[in-house]
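Q: Dropping the sequence and predicted coords here.
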Amino acid sequence: MNDASPLTTAQQQFTSAVPFRSLGSEMCPLSNALGRVLYSDIVAPTDMPPYPRVIVEGFLVNTADTATASESAPIAFNIAGEIRPGDTECPAIQKGQALRVSTGSIVSHDTPLSVVRMWEAQLQGNSVEITRPFPPRFFIEEQGCDVQKNAVALKAGTVSTPYNIGIIASLGISQIKLSRKPKVTIFASGDEVIPYTEPLGPGTIRDSNSIMLAAAVTQAGGIPTIAGIMKDDFNAFAAAVSNALQETDMVVISGGTAAAGRDFIADLVNNEGELIIDGVPMRSGKPLIMGISEHKPIICVAGHPPEALRGFKLFGVAAIDRLLGKEADLPIDE
């Protein structure tokens with residue numbers, strides 16, 4: 001039994017027709033990757049961290065030497081030296097000795113060592129005293145605990161967030177393969193629509209949709225081109241859309257759902273390719289018309305600006321996510 005809403009059903013029907021990760025890739029410096037979508041998995045070329053290391057400032061001791069420590073019977077350790085961040089090896093620690101360590105200090109593999117944090121130690125000259133036992137490998141990160149060599153650190157379809165960029169940088173990777181941004185052509189339509197920079201006259205309305213939808217395309221990860229305002233001339237409009245589909249990856253049209261008693265935009269989509277969605281049984285859903293032409297989505301939204309943006313968020317964003325190969329849930333209606 002399908003319990004999906006009419007909107008979700010329409011989104012699923014349309015997005016299933018949009019090819020996934022279809023635009024190819026481009027190499028990009030990591031410094032320019034913010035907000036972009038990974039085209040390929042990021043595979044770790046090395047363990048991260050590359051060696052066992054301390055994650056707090058304190059004193060490194062043999063775990064067994066702490067076993068009987070208590071408030072009534074504290075145990076003192078002689079501070080025998082220091083492991084500085086950048087040192088390449090951890091000296092052997094003799095019974096009753098401690099080494100001063102900092103965040104990032106290297107430690108030995110598979111040795112029962114513990115880190116006594118600064119605030120859990122009492123310094124007395126060249127010795128340090130503890131009053132409780134410590135578990136083995138306490139506050140030590142093991143080699144490869146974040147990601148192991150040849151493991152997938154980040155999957156294709158992941159967005160390059162600041163945190164993810166940090167992960168990639170920690171692996172020493174400076175160039176990454178990203179999904180190419182889709183090029184999106186935006187049309188406004190209607191005989192009454194004029195550029196938003198022109199003064200209003202009787203019966204006219206400014207085109208605020210094109211620049212608004214261009215911003216929404218950019219936010220979704222695409223590259224917008226505003227193609228202007230098309231009048232209610234079917235042949236001219238069809239030619240313009242056909243030309244746009246030759247040059248770009250997706251077309252967005254606002255307004256013009258019906259003209260002169262004709263299902264103008266639906267016929268236009270059918271003329272260019274396959275009509276997938278012709279209205280959605282939901283609030284203000286009639287102007288939502290979607291199609292595919294040579295694997296390229298055509299998104300048609302209402303002329304009323306709030307509904308135009310809403311329609312794009314529900315279907316345009318989902319289409320761009322598919323083209324990019326972005327692993328994302330379908331946008332929800334708010």
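A: Good, I have the coordinates. All of these numbers come straight from a predicted model, not from anything done at the bench.
Q: Quick check: beta-bridge partners of the closest residue to F138 other than its chain neighbours?
A: Using Cβ to Cβ, 6 or more residues apart in numbering and skipping residues adjacent in sequence, the residue nearest F138 is S114, 4.2 Å away. Heads up, the C-betas are built off the backbone N, CA and C, glycines and all. S114 has these beta-bridge partners by DSSP bridges: V61.
Q: Name all residues that make contact with S114.
A: S114 makes contact with 60-63, 66, 134-140, according to Cβ atoms under 8 Å, 6 or more residues apart in numbering.
Q: The longest helix seen in the chain: what's the following helix or strand?
A: Assignment by DSSP state H gives helix 234-247 as the longest helix of the chain. Downstream of helix 234-247, the next assigned helix or strand under DSSP states H and E is strand 250-254.
Q: Apart from its neighbours in sequence, what residue is nearest T88?
A: Closest to T88 by Cβ to Cβ, 6+ apart is I106, at 6.8 Å.
Q: For that neighbour, give me its contacts.
A: Applying Cβ under 8 Å, 6+ apart to I106 gives the contacts 51-53, 83, 87-90.
Q: Out of the residues you listed, which end up buried?
A: Buried subset of these (neighbour count, 16 or more other Cβ atoms under 10 Å): 51-53, 83, 90.
Q: ok, of these, which one's closest to C300?
A: For the buried ones among the contacts of I106, the residue nearest C300 by Cβ to Cβ is R53; the value is 56.1 Å.
Q: That closest one pairs with what?
A: I106, E141.
Q: Export the buried ones among the contacts of I106 to a markdown table and append columns for distance to E71.
A: Formatted as a markdown table, the entries for those read as follows, by distance: Cβ to Cβ, whole Å:
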| residue | distance to E71 |
| --- | --- |
| Y51 | 35 |
| P52 | 30 |
| R53 | 31 |
| I83 | 29 |
| C90 | 30 |
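Q: With respect to H304, which of these is nearest?
A: Looking across the buried ones among the contacts of I106 and measuring by Cβ to Cβ, the closest to H304 is R53, at 58.3 Å.
Q: from what I can see P45 touches S174, true?
A: No - taking contacts as Cβ atoms under 8 Å, P45 lies outside contact range of S174: 11.7 Å.
Q: Helices of the stretch 151-300 of the chain, residue ranges please.
A: If DSSP state H, counting those that start in this stretch is used as the criterion, the helices of the stretch 151-300 of the chain fall at 162-170, 209-220, 234-247, 264-272.
Q: rewinding a little: narrow the contacts of S114 to those that are buried.
A: Buried members of the contacts of S114, scored by 16+ other Cβ under 10 Å, are 60-63, 66, 134, 137-140.
Q: Show me which positions of stretch 96-115 end up buried.
A: Buried-residue list, stretch 96-115, by 16+ other Cβ under 10 Å: 97-101, 104-108, 111, 113-115.
Q: tell me what the helix or strand hosting T9 is packed against?
A: With elements taken from DSSP H and E, the one containing T9 is helix 6-15. The contact analysis (3 or more Cβ pairs under 8 Å, 6 or more residues apart in numbering; DSSP states H and E) places helix 6-15 against strand 274-278, helix 317-324.
Q: Export the longest one to PDB, keeping only CA atoms.
A: Listed in PDB are the C-alpha atoms of helix 317-324, where the atom choice follows Å, rounded to 0.1, in the frame of the first residue of the first chain:
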ATOM      1  CA  VAL A 317      16.200  21.400  -6.300                       C
ATOM      2  CA  ALA A 318      15.400  17.700  -6.500                       C
ATOM      3  CA  ALA A 319      16.300  17.700 -10.200                       C
ATOM      4  CA  ILE A 320      19.700  19.500  -9.600                       C
ATOM      5  CA  ASP A 321      20.500  17.000  -6.800                       C
ATOM      6  CA  ARG A 322      19.900  14.200  -9.200                       C
ATOM      7  CA  LEU A 323      22.000  15.700 -11.900                       C
ATOM      8  CA  LEU A 324      24.800  16.300  -9.400                       C
END
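Q: Report all helices and strands that it contacts.
A: In terms of contacts (3+ Cβ pairs under 8 Å, 6+ apart), helix 317-324 is packed against helix 6-15, helix 209-220, strand 250-254, strand 296-301.
Q: Name the residues that touch that helix?
A: Taking Cβ under 8 Å, 6+ apart as the rule, helix 317-324 contacts 11, 14-15, 18-23, 37, 157, 179, 181-182, 184, 216-217, 220-222, 249-250, 297, 299, 326, 328, 330-331.
Q: From those, keep the buried residues only.
A: The buried subset of those - by 16+ other Cβ under 10 Å - is 11, 14-15, 18, 21-23, 37, 157, 179, 181-182, 184, 216-217, 220-222, 249-250, 297, 299, 326, 331.
Q: Next, count neighbours for M290.
A: When neighbours are counted by other Cβ atoms under 10 Å, M290 registers 29.
Q: for it, what are its contacts?
A: Counting by Cβ under 8 Å, 6+ apart, M290 touches 10, 14, 269, 275-277, 297-300, 315.
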